[in-house]
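Student: need a structure here:
(chains A, B and C)
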Amino acid sequence: MRRLGALLAALVAGAAGAAAEPARIGIMLPLSGGSSIAGQEVLSGVKLALEEANAKGGLFGAPIQVFTEDDEASPTKATTAVRKLIEGDKVCAIVGTYVSGVALAAMKISRDYKVPMSSGGSTAVMVTDANEPGNPWFFRAFPGSDVQGRQSAVDTVEVLKKKKVAIIHDNSNYGTSLADVFKQIVLGAKGEVVAVDTYNTGEQDFSPILTKLRALRPEAVYIGGLVGEGATIVRQAAEVGLRTQFIGSGSMMTDKFIELTGPAAEGFAVSSMFEPDTPNPVGKAFAERYKAKYGINANVHSALGYDSMSITIEATRRAGKCEGPAIRDTLATRMADFPLVQGPPGTTAKYDAKGGVDFLIGLAVVKNGKRSLVTY
Amino acid sequence: MRAFLIAVAVLAALALLPLAVAGGYLLHVLVVIFIFVILAVGLDLVMGYCGQYSFAQGAFYGIGAYTAAILHRDLGFGFWQTLPSGIVAAGLFGLLLGIPSLRLSGHFLAITTIAFQTIVYLLLTQWTSFTGGQYGLPVPKVGALTLFGWELFRVETVRDFYFLALGCMAAAIGVAWRLAHSRIGRQWQAIQDDELLARAIGVDVTRGKLVAFVASAGLAGAAGVLLAHYLQGVSPDDFAIWTSATVVAMVLAGGRASIVGPILGAVLFTAMPEVLRSAQSYKLVIYGVVMILVVSFLPGGIVGLLRRERRA
Amino acid sequence: MYTLDFALQILANGIVIGSVYVLVALGLTLIFGILGIVNFAHGEFYMLGAYFGITAAAIYGLSLFPLLLVGILGVVLVGLLSERLVFRPLAGGDMTSSIITSFGLAVALQNAALIAFGPQPKLLRTPWAQIPVEIGPVFMPLQRALIPVIALVLVVAVHVVLRHTWTGRSLRAMAQHGTLAQLYGVDVKRVAVVTFAVGAALAGGAGVLMSSVFLVQPTVGNMIALKAFTVVILGGMGNVYGAVSAGLFLGIAETFVAGYLTNTLRDIVGFALVVVVLLIRPQGLFGRAIDRA
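Tutor: Model prediction:
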């Protein structure tokens, strides 16, 4: 009799323990250093998703536990951070990271440990290309940079109606691949590429390049690179007297960019997956909630942070347990109905064999100092 | 003899450590320490014994690491081939840097090594087509170590790599010790004490200096290859001037011209950021302050302090 | 495109950049020439000057010239503290230790700035950014055009101080022969203090000027320090006129390479020149042959 009682007690205790075991999710982003502005914006979206989920009861009956690590945009630090999250904090899924080179280094480790990773902003194709087709461990709920570059070129020719272009890009893999795809499309549309110039990441002085371009009088200039240099290029172009339509890349469409560039930002265009005035109802609702909570406008960073985190939480819920392989399988095959805040109306987390999601990217333009989507 | 026994005891303790410790994190920190020990001990040869200030250790470290990555990419080399290649490549560049040392000394030499370090760093970040630029290059794991087709053991996990790194570090310390206590080591000290006098009594100063640079660069190259295979990739920021300065600080803080000193220095400066992790943004400020304090108030390093205590 | 107009524009830009290099390198070479200290934290003086200027503008809304004053004074204070706390304890000892301690100082200052000012890049906005200046075919905002002018004023001021004041004479005496100068009653401590103050002031001033042209982040000191070292080596360590000539030369060389060849080579130009100079003529293009043993 006593033994039965003890057994029952153990079962009850075990069941109660299992029900109260909180899910553990890791977050890895550049929170200090050069990319930290973007990193913090992504984090704000992640946090909103987390709060909303916990307000609804969390996962498995307990609030979700998150562990945040700063990878400082360094592949070496990211490797340490991932190990710490998986071995020390025992997370079953990771949301991260922003810089593609860092994401590539980190996903190799998390793949070895069989923990799925959802992109914290990294767009470079090389990261999802590192996935074995049909067996992805790195997931990106939005199109890769090559698709964005292609769309930018198409919109430049067809929407903005500019055919004589120049290209400035940074000499990383990212910038170079964007420039290549842009040039290809423009030439294919019988346009003209008057110059292609490269700069080193971190460059501050673009006056020689811009002076050269001024003499060539392009109708549009495409910038393939990161936010900081993009802002400097547009600002210094105005100082040098170069008047042209600038098209940016990546995540240059943010309020911070407009602030840094000043009045020269007017008319600046970037292919953008999300703006607060998006026609996507899920996205619009998110923009309102974000504004209510933080008091500032959401942008593509906060939107993708929100998406990556919500997807991860939902996948964990559907998997039923905080376990890497189970969550990974759910992500890969059973999330095709989950709506995203990014993209046009009706976009869902339908991952392809390499762990990416494809949807149409819109064109956003700075009008009167504010960002607005002109196509969708 | 006593020193040798202590060294063996410490190595044995380190070798048995993974059996007692479960976490990969501690082993990971130790692997990084081992790699820095190799760097610091190498630098001690040229800076501590031979007296030639070199702020280029980070560059040789990087040359070793990138040689491994590039040879893997272009020729499919595995660890057994990249290790000697990295050592040789770094050693050759060490020879290159040794040449100015024949004509310059003191500040001027230090600045030249800094210029060399910076050029290497800039090439690593900006020669994107060759070095992968800011994002670097991927490197495979060490995998199986085979000898004549026989698989000796596989290096897959952090634990396996720990043993590999421990072995490499022991070998590096052994090589450095032998060099420092051989005839060339004594010649180095003669060069440091009084170069003119050394030359007068027949020391081949040219050979001495060049060998010092080559030896220290070669060891740094080995450390670089290890890092490349451990992180499964190389990226330029690990090999910047800051790394060189840290290694110099390790040697100065630990105690120059004493193989033990750089080891202590490496442990101190690698463990510190981990210990300070909780201090977050303040940790690097503290790090910088510690560097200043240690170099200002302990010119003989920790070893010098211990020596003084023993005598007192 | 390869016309005289283009070349003149490139030249003008080169002079602007070169003026900044001159200011930073001048401070560095004075500190080395007079005190024998290689100061790796010099770039941080530049960075802090920029931040002090931007902060003062944000709080008090001052215009450019008062900002310049505030920035310079702030950095001079930091320089004096550094001299007293970090460099003076090492005086008389192994000078290469000063390289390491100045590295430690650089890291501490850089990260302190990160904590104090945050990682977001900042820019100094003045109304003069929108006023264009056109000298013939050369087009430049007033903000940029002022930089070589102010730099010239500062350099002339330093020159006057060095040549025509008692303080200046003691500085020069220290540079030529430290021990002899001391025997003749030159106060070494006072010389150290003044030298650091002047060096920091020049770097800080450069920082304020450039904060309206380039984005300011805690890491901007790194590259400018390396460029300044390049200039100092090219011009001869301790040589004031060498620093001025080499600084302008480097700025112009960089912009010409960027304009006519490719922008990616621009940073390497300087360092490659340094290697060549160090191998062939280590005392710099203008330096005296210094005792190298």
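Student: tell me which parts of the stretch 51-200 of chain C are close to chain A?
Tutor: Proximity of the stretch 51-200 of chain C to chain A, by C-beta under 8 Å from any C-beta of the partner chain, involves residues C:114, C:119-121, C:123, C:125, C:129-130, C:132, C:139-141, C:144. Backbone N, C-alpha and C define where each C-beta goes, glycine included.
Student: tell me the buried residues within the residues you listed.
Tutor: Buried subset of these (neighbour count, 16 or more other C-beta atoms under 10 Å in any protein chain shown): C:Leu114, C:Pro119, C:Pro121, C:Leu123, C:Arg125, C:Ala129, C:Phe139, C:Met140, C:Pro141, C:Arg144.
Student: picking that back up, export the residues of the stretch 51-200 of chain C next to chain A to JSON lines and append columns for pLDDT.
Tutor: Converted to JSON lines, those look like this (pLDDT from 0 to 100):
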{"residue": "C:Leu114", "pLDDT": "87"}
{"residue": "C:Pro119", "pLDDT": "77"}
{"residue": "C:Gln120", "pLDDT": "79"}
{"residue": "C:Pro121", "pLDDT": "82"}
{"residue": "C:Leu123", "pLDDT": "87"}
{"residue": "C:Arg125", "pLDDT": "80"}
{"residue": "C:Ala129", "pLDDT": "68"}
{"residue": "C:Gln130", "pLDDT": "69"}
{"residue": "C:Pro132", "pLDDT": "78"}
{"residue": "C:Phe139", "pLDDT": "81"}
{"residue": "C:Met140", "pLDDT": "83"}
{"residue": "C:Pro141", "pLDDT": "84"}
{"residue": "C:Arg144", "pLDDT": "85"}
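Student: now the two most distant members of these.
Tutor: Distances among those were taken as C-beta to C-beta; the most separated pair is C:Leu114 and C:Phe139, at 35.9 Å.
Student: rewinding a little: now, among the buried ones among the residues of the stretch 51-200 of chain C next to chain A, which is nearest to chain B?
Tutor: Chain B has its nearest neighbour among those in C:Leu114, at 6.5 Å by C-beta to the nearest C-beta.
Student: which residues touch the closest residue to that closest one other than its chain neighbours?
Tutor: Distances taken as C-beta to C-beta, 6 or more residues apart in numbering or on different chains put C:Pro218 closest to C:Leu114, at 4.4 Å, once the chain neighbours are dropped. Going by C-beta atoms under 8 Å, 6 or more residues apart in numbering or on different chains, C:Pro218 touches C:Met47, C:Gln110, C:Asn111, C:Ala113, C:Leu114, C:Phe117, C:Pro119.
Student: out of these, who's the most crowded?
Tutor: Most neighbours among the contacts of C:Pro218, by other C-beta atoms under 10 Å in any protein chain shown: C:Met47, with 31 neighbours.
Student: does it touch C:Gln110 like I think?
Tutor: Yes - shown here, C:Met47 and C:Gln110 form a contact pair, counting by C-beta atoms under 8 Å, at 7.3 Å.
Student: intersection of neighbour lists for those two?
Tutor: Counting by C-beta under 8 Å, 6+ apart, the residues touching both C:Met47 and C:Gln110 are C:Pro218, C:Thr219, C:Gly221.
Student: how many neighbours does C:Ser15 have?
Tutor: One correction, residue C:15 is Ile, not Ser. Using other C-beta under 10 Å, C:Ile15 has 18 neighbouring residues.
Student: burial measure for A:Tyr113, as a count.
Tutor: Neighbours around A:Tyr113, by other C-beta under 10 Å: 16.
Student: how much space between the nearest residue to B:Ala190 once chain neighbours are set aside and B:Ala212?
Tutor: Take B:Ala190 and drop its neighbours on the chain: the residue closest to it by C-beta to C-beta, 6+ apart is B:Ala198, 4.1 Å away. Plainly put, B:Ala198 is 13 Å away from B:Ala212 if you go by C-beta to C-beta, to the nearest Å.
Student: please apply the same query to A:Lys291.
Tutor: From A:Lys291 over to B:Ala212 the distance is 64 Å, taken as C-beta to C-beta.
Student: more neighbours: these two, which one.
Tutor: More crowded of A:Lys291 and B:Ala212, by other C-beta under 10 Å: B:Ala212, with 28 against 13.
Student: with adjacent residues omitted, what lies nearest to residue 225?
Tutor: No chain was given, so I picked chain A. Counting by C-beta to C-beta, 6+ apart, A:Asp170 is the residue found nearest to A:Gly225 once chain neighbours are left out, at 3.7 Å.
Student: oops, wrong one, chain C.
Tutor: Counting by C-beta to C-beta, 6+ apart, the residue nearest C:Ala225 is C:Gly43, at 2.9 Å.
Student: pull the contacting residues for the one you found.
Tutor: C:Val24, C:Ala106, C:Ala203, C:Val220, C:Gly221, C:Asn222, C:Met223, C:Ile224, C:Ala225, C:Leu226, C:Ala228 are the contacts of C:Gly43 under C-beta under 8 Å, 6+ apart.
Student: what number of residues lie near the second one?
Tutor: C:Ala106 has 25 neighbouring residues, counting by other C-beta under 10 Å.
Student: how near is the residue found closest to it once you drop the neighbours it is linked to in the chain to A:Asp180?
Tutor: Distances taken as C-beta to C-beta, 6+ apart place C:Ala41 nearest to C:Ala106, at 4.1 Å, with adjacent residues excluded. As defined by C-beta to C-beta, C:Ala41 lies at a distance of 42 Å from A:Asp180.
Student: out of these two, which sits in the more crowded spot?
Tutor: Neighbours around C:Ala41 and A:Asp180, counted as other C-beta under 10 Å, are more numerous at C:Ala41. The numbers are 28 against 16.
Student: that one contacts C:Leu109, doesn't it?
Tutor: Yes - contact status for C:Ala41 versus C:Leu109: in contact at 6.1 Å, counting by C-beta under 8 Å.
Student: quickly list what's touching both of those two.
Tutor: Common neighbours of C:Ala41 and C:Leu109 (C-beta under 8 Å, 6+ apart) are C:Gly221.
Student: quick one, grab the pLDDT at the residue of the stretch 51-200 of chain B found nearest chain A.
Tutor: Closest approach between the stretch 51-200 of chain B and chain A, counting by C-beta to the nearest C-beta: B:Tyr135, at 3.2 Å. B:Tyr135 carries a pLDDT score of 72 in this model.
Student: for it, which non-adjacent residue is spatially closest?
Tutor: For B:Tyr135, ignoring the flanking residues on the chain, the nearest one in space by C-beta to C-beta, 6+ apart is A:Gly101 at 3.2 Å.
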